[in-house]
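In: A predicted structure for the sequence below; I have some questions about it.
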Amino acid sequence: MSHHKTEVRDLYYVYPDGHKAINGITFKIHHGESVGIIGANGAGKSTLLMLLMGVLFPCQGEVLVGEVPVTKKTVPVVRQRMGMVFQDPDDQLFMTTVYDDVAFGPRNYKLEETEVERRVHEALEMVGILHLKDRAPFKLSGGEKRAAAIASVLSMKPDILLMDEPTSALDPKSRRRLMKLLDGFEHTKIITSHDLDMVFELCTRTIVIKNGQIAADGPTKELLADAELMDDCGLEMPLALQGCPVCGRKNG
Amino acid sequence: MSNIMNSIFDIRLLDDLARKETIVHRIHPLVKFLTTFIYLIVVVSFGKYEISGLLPLLIFPVLIMTLAELPLRPILKRMLIAAPFVVGIGIMNPIFDHQAVSIGGLSVSRGWITFLSITLKSVLTVSAALLLIATTGMDKLGSALRMLKIPRLFVLQLLLTYRYISVLMEEVSRVLRAYAMRSPQQKGVHWSVWGSLAGQLLIRTFERAQRVYLAMRLRGFTGEYNTGGYPGIAARDIAYMAGWTVFFVIARIYNIPMLIGSLFTGVIL
């Protein structure tokens, strides 16, 4: 299934105010991979996501989704393949009911109303909130909102899921539930987060970004356990890998 | 502060009511919208000295509220929001319009009659509008407006405003709370920071709008607002609208309380 691969070639991006956000990034993500993109605040994670989704266009280099380069012309096709879940679900749930929100994407792609309904049900069932379909988004709890936001993207049947801080502002139980849910998806997953424990559990591969460049790219288990690398990039090892705060013993 | 949080709760309540399943709720949204519209026009068309002729029209909100099983208190509370405006408009009438009229031997200034008439009209119109929302819901109202070929942009604007007003109010309450916590001696917000507070909110609103628009574009939004199909208008819906319209027209042409009164006294005018 090589046509689902996402490739970034020698990417540069400079904001209009002169801030160099991305300074030559190259990587390739294959079908079904689950990749964590981590880095300190301002390292360039959000800019990278925007470049992948075709919201921003690179000053140099290119982004390829499947074999298609992301340009102004190909953006509609690319966005159908990639679903992005925003950090704040309130930004993503703008319709008056959960159902309409999840149906928003499919309706924009001019699908038959019966097909729209089928997809909405499927997506809501996948995230386990079918019973909330007639509720207003602002009445949902944080975890339910997040699930609805994910469903609103799933209904477009994307191959690749992009997620910006999926576990932020969730209580521990909701976070755990969400992680279980994400773990069950077969999509290619690209997750940016500061929740390194979540990245450690969910992502097999991690890309560490520092000052708009790739500081490291490799298996999560190795990179996140590298205390020196983490410290150098403004991060630290996942709590699960750090010493026990009570007895001081190291895990594993 | 608590006022703002309360009104957020208030907004949600109307939505809750709109999700009930009663005879009134099941009527087609377009039909309900048009019926309310006709009702408003009829109410407003009464002359400024008219009171008795308006009274039969009270049946409309009362009947809808009963059939839709809506609670009286929250609806009344919301009607009070419009009260200051109505009083503001009507209160000068008793002062300027001194001419006395005698009603049943009682001498009343015409100003008071117009004031009463304005108040009554406002009660009727505001309650009708609230009941429309409480029995239909904003989303269905939006699709009703689209069926009437109201430009997509206006409907979109209305629905998005309705959706995000609670988010905005939450943001306002956060800013105010942060302000109040660091200025314990003050009542309200000092005028010197009004500018920066308002500016702060404006910028946040812009940023939010940008993110929302982005979220829409990422899901294929191109300006077309698709809300899906809605079942057609049934015979029941037409009967609902026709019935009310006939009643409104009769109430407009004949002064029903007067007719009933004359029936009893045996004098037909």
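Out: Everything's here; your move. A quick note: this is a predicted structure, and the numbers were derived from the prediction, not measured.

In: Any part of the longest helix out of those in chain A near chain B?
Out: If you go by DSSP state H, chain A has its longest helix at helix A:113-127. Yes. Counting by CB under 8 Å from any CB of the partner chain, chain B has neighbours in helix A:113-127: A:Glu113, A:Val116. C-beta here means a position set from N, CA and C on the backbone, and glycine is covered the same way.

In: Now for A:Met84, how many residues are close by?
Out: 24 (other CB atoms under 10 Å in any protein chain shown).

In: B:Lys149 now?
Out: For B:Lys149, the neighbour count with other CB under 10 Å is 7.

In: For it, give me the backbone phi and psi.
Out: With angles defined as degrees, to the nearest 10, B:Lys149 sits at phi 70, psi 30.

In: Distance check, it against chain A.
Out: For B:Lys149, the distance to chain A (CB to the nearest CB, to the nearest Å) stands at 19 Å.

In: Counting by contacts, list what the longest helix of chain A packs against.
Out: Judged by 3 or more CB pairs under 8 Å, 6 or more residues apart in numbering or on different chains; DSSP states H and E, helix A:113-127 is in contact with helix A:98-108, helix A:142-154.

In: Serialize these to a markdown table and add fields for mean pLDDT and distance to A:Val35.
Out: Output for the helices and strands packed on helix A:113-127, formatted as a markdown table (pLDDT from 0 to 100; distance: least, CB to CB, whole Å):
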| stretch | mean pLDDT | distance to A:Val35 |
| --- | --- | --- |
| helix A:98-108 | 90 | 23 |
| helix A:142-154 | 92 | 17 |
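
In: Could you dump those helices into CSV with distance to A:Leu161 and mean neighbour count added?
Out: Below are the helices and strands packed on helix A:113-127 laid out as CSV (distance: least, CB to CB, whole Å; neighbours: other CB atoms under 10 Å in any protein chain shown):
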stretch, distance to A:Leu161, mean neighbour count
helix A:98-108, 13, 26
helix A:142-154, 7, 25
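
In: which residues touch the longest helix of chain A?
Out: Helix A:113-127 is contacted from outside by A:98-99, A:102-103, A:106-107, A:111, A:130, A:132-133, A:147-148, A:150-152, A:154-155, A:157, A:181, B:228-229, using CB atoms under 8 Å, 6 or more residues apart in numbering or on different chains.

In: pLDDT of the helix or strand where B:Gly261 lies, averaged?
Out: Using DSSP states H and E, B:Gly261 sits within helix B:256-265. For helix B:256-265, mean pLDDT is 81.

In: for the stretch 101-250 of chain B, what spans make up the helices?
Out: Remark: helices assigned in the stretch 101-250 of chain B by DSSP state H, counting those that start in this stretch are B:110-136, B:138-147, B:152-181, B:194-218, B:235-253.

In: three-state assignment of A:Lys73?
Out: coil (DSSP: H, G, I helix; E, B strand; the rest coil).

In: burial count for it?
Out: There are 10 residues near A:Lys73, going by other CB under 10 Å.

In: With A:Gly54 as the reference, measure out to it.
Out: From A:Lys73 across to A:Gly54, the span is 10 Å (CB to CB, to the nearest Å).

In: Tell me the predicted confidence for residue 26.
Out: No chain was given, so I picked chain A. At A:Thr26, pLDDT is 95.

In: should've been chain B
Out: On the pLDDT scale, B:Arg26 is placed at 88.

In: what number of residues lie near it?
Out: Residues near B:Arg26, counting by other CB under 10 Å: 13.

In: ditto for A:Leu64
Out: Number of residues near A:Leu64 (other CB under 10 Å) recorded here: 16.

In: Not counting sequence-adjacent ones, nearest residue to it?
Out: Leaving aside its sequence neighbours, A:Leu64 sits nearest to A:Glu7 (CB to CB, 6 or more residues apart in numbering or on different chains; 4.2 Å).

In: Might you enumerate the residues of the stretch 1-150 of chain A proximal to chain B?
Out: Counting by CB under 8 Å from any CB, the residues of the stretch 1-150 of chain A close to chain B are A:53, A:55, A:76, A:79-80, A:84, A:86, A:88, A:90-92, A:94-97, A:100, A:103-105, A:107-109, A:113, A:116, A:134, A:136-139.

In: Go ahead and build a ChimeraX selection from the buried members of those residues.
Out: Selecting only the buried entries of the residues of the stretch 1-150 of chain A next to chain B in ChimeraX, with 16 or more other CB atoms under 10 Å in any protein chain shown as the criterion:
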select /A:53,55,79,80,84,86,88,90,91,92,94,95,96,97,100,103,104,105,107,108,109,116,136,137,138
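
In: The stretch 151-252 of chain A: strands as residue ranges?
Out: A:160-164, A:188-192, A:205-210, A:213-219 (DSSP state E, counting those that start in this stretch).

In: For the third one, name the packing helices and strands.
Out: Judged by 3+ CB pairs under 8 Å, 6+ apart, the packing partners of strand A:205-210 are strand A:20-29, strand A:34-38, strand A:213-219, helix A:220-223.

In: Thanks a lot, see you next time.
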